[in-house]
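J.: give me a model of this one.
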Amino acid sequence: MRICEVGGCNRSHYALGCCKLHYQRLRKYGDAETVMRERWWFGLKPEERFWFQVSRSEGCWLWTGARRGSPPHQYGTLWDGSWRIGKNGRELPQHVGAHRFSYRLLVGDIPEGMEICHHCDNSLCVNPEHLFVGTHADNMKDMVVKNRADNRGVRNGRSKLTAGDVAEIRRLSTGRHGEGMEFARRFGVTSATISKVIRGDTWTSLP
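T.: Next comes the predicted model:
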């Protein structure tokens, strides 16, 4: 079976040497230079793309790539080379937290259900010496001690969602059509609230 010629992509061929996703991007960009640049980027290993987006120094290593959340609680995100099924059954790149990727790459595996916290209180830092493994409760306690909890989540007494609810929603979210309504019914909030949680517009303190 013929596969996509974009480096690192193993999906079936659709047209012009590309799978359907990369063919659509080819049609969108319409110029060979941009398409070849994307093929080069997709052809890199996840760890190679990681180092391209890290600014190293003696202190914090700052992430310069894509981010989610709002300042000052932004976290870097990185495509780890895997794919997930999104809306309408489309395959989409699976992104992970850059700090979590850094820990797995440079320190070791992260136990299931555990979070990666920052000693340095800099959410964009990916220096493994500044990261440590902790439970969700550890992360929340550390956040409160450092006065990082904002009033759009942890400190909002009117919030119907707990920090644990938010963590579970973000962990289970795949971008599937209709999942927002399912989460809304399950947690007793509106679908708009769920959308804001998934996008990182609210509960920005949580990774």
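J.: now do the same contact list for the nearest residue to Arg67 once chain neighbours are set aside.
T.: In space, and not counting its chain neighbours, Arg67 is closest to Gln74: 4.5 Å by C-beta to C-beta, 6 or more residues apart in numbering. For glycine as for every other residue, the C-beta is placed from the backbone atoms N, C-alpha and C. Residues near Gln74 by C-beta atoms under 8 Å, 6 or more residues apart in numbering: 67-68, 123-124, 204.
J.: state the pLDDT value of Gln74.
T.: Confidence at Gln74, expressed as pLDDT, is 82.
J.: the bottom helix or strand of the chain by mean pLDDT?
T.: Ranked by mean pLDDT, DSSP states H and E, the helix or strand of the chain with the weakest confidence is helix 32-43, at a mean of 63.
J.: what's the neighbour count on Glu179?
T.: By the measure other C-beta atoms under 10 Å, the count of residues near Glu179 is 17.
J.: contacting residues around it?
T.: Applying C-beta under 8 Å, 6+ apart, we find Glu179 in contact with Ser173.
J.: now it. Its backbone dihedrals?
T.: Here is the backbone geometry of Glu179 (degrees, to the nearest 10): phi -70, psi -30.
J.: mind listing the strands the longest strand anywhere in the chain pairs with, and their directions?
T.: The longest strand of the chain (DSSP state E) is strand 75-85. Partners of strand 75-85 in the sheet, by DSSP bridges, are strand 67-68 (antiparallel), strand 91-97 (antiparallel).
J.: circling back: the residue nearest to Arg67 and Val6: what is the separation?
T.: Separation of Gln74 from Val6 (C-beta to C-beta, to the nearest Å): 29 Å.
J.: in the chain, which spans are helices?
T.: For the chain, helices defined by DSSP state H occupy the ranges 20-29, 32-43, 46-52, 98-106, 136-145, 163-172, 179-187, 191-199.
J.: and the shortest one, which residues are buried?
T.: In other words, helix 46-52. Applying a neighbour-count criterion of 16 or more other C-beta atoms under 10 Å, one finds 47, 49-50 buried in helix 46-52.
J.: and the chain, split by domain according to the record?
T.: 1-43, 45-134, 150-207 (automatic domain parsing).
J.: off-centre distance for the second one?
T.: Computed by C-alpha atoms, centre = their mean, to the nearest Å, the chain-centroid distance of domain 45-134 equals 7 Å.
J.: try stretch 182-201
T.: 18 Å.
J.: okay, how far is it across that stretch, tip to tip?
T.: Using C-alpha to C-alpha, to the nearest Å, the span of stretch 182-201 from its first residue to its last is 19 Å.
J.: in that stretch, what's buried?
T.: By neighbour count on 16+ other C-beta under 10 Å, the buried set for stretch 182-201 is 183-184, 187, 189, 193-194, 197-198, 200.
J.: likewise stretch 118-138?
T.: 118, 121-128, 130-132, 136.
J.: for it, the averaged confidence score.
T.: Averaged over stretch 118-138, pLDDT sits at 88.
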